[in-house]
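**Q** Sequence and predicted structure are below.
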Amino acid sequence: MALARCLSSRRLYKGRIFSVDLDEVEEPSGVRAQREIVRHDGSVGILAVGEDRRLVLVRQYRYPVDELLWELPAGRLDPGELPSDAARRELEEETGLSPAQLEPLLTYFTSPGFCDEVMHLFRATVLRPVPIRPDADERIEVAWFSRDEARAMIARGELRDAKTLLALLLEDERGRSAT
């Protein structure tokens, strides 16, 4: 299968979290088109599971959607940082929990139609408390939920974040496979 060929690329914006490029491409059919691409260094999401199988979620305000959202602890990769190191760092910063075990669950593209961000999902277990260290602009509420409580939150429309929904689906599948 032939891939599109980039004819030119122009950086339209460079920010702290992402950049935006405007690429002129030639599609395999020969058609020329412009593509606006969000360039992102990648991110991690962490499904933290306690010994009682309860799950840790965080609630924080998300300006782009103007809502308080319950979601997995998560954050972006620093340049050159390993995803597993970022997962440990983010979990500690946002929840005050450090995992003795960190298992990769899935790596996926968040929105491949316009963005190159890759998210790495992890499952964290054997959790021990450490000092919480949120970023200066973060106001985070941390809470534990059973899988049944999380399912009920989904049914009520209270959990709408894609990484969280995906991780909970994977956790449910793990539970079904274990029985």
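**A** All right, it came through fine.

**Q** most centrally placed residue in this protein?
**A** G45 (4.1 Å; CA atoms, centre = their mean).

**Q** Is that one located within a strand, as I assumed?
**A** Yes. Assessed by DSSP: H, G, I helix; E, B strand; the rest coil, G45 belongs to a strand.

**Q** Touching, it and L72? I think so.
**A** Yes. With contact defined as CB atoms under 8 Å, G45 reaches L72; the gap is 4.4 Å. Using the backbone N, CA and C atoms, a C-beta is placed for each residue, glycine as well.

**Q** Looking at this structure, name the residue that lies furthest from the middle.
**A** G30 (35.5 Å).

**Q** Need the nearest residue in space to L165, chain neighbours excluded.
**A** Distances taken as CB to CB, 6 or more residues apart in numbering place L159 nearest to L165, at 6.4 Å, with adjacent residues excluded.

**Q** for L55, same thing?
**A** Spatial nearest neighbour of L55, chain neighbours left out: F145 (5.3 Å); criterion: CB to CB, 6+ apart.

**Q** Quick one: residues contacting the one you found.
**A** 54-55, 57, 153 (CB atoms under 8 Å, 6 or more residues apart in numbering).

**Q** Of these - the most surrounded one?
**A** L57 (25 neighbours; other CB atoms under 10 Å).

**Q** Checking it next. Helix, strand or coil?
**A** When the rule is three-state DSSP, L57 gets the label strand.

**Q** pLDDT score for it?
**A** pLDDT recorded at L57 is 98.
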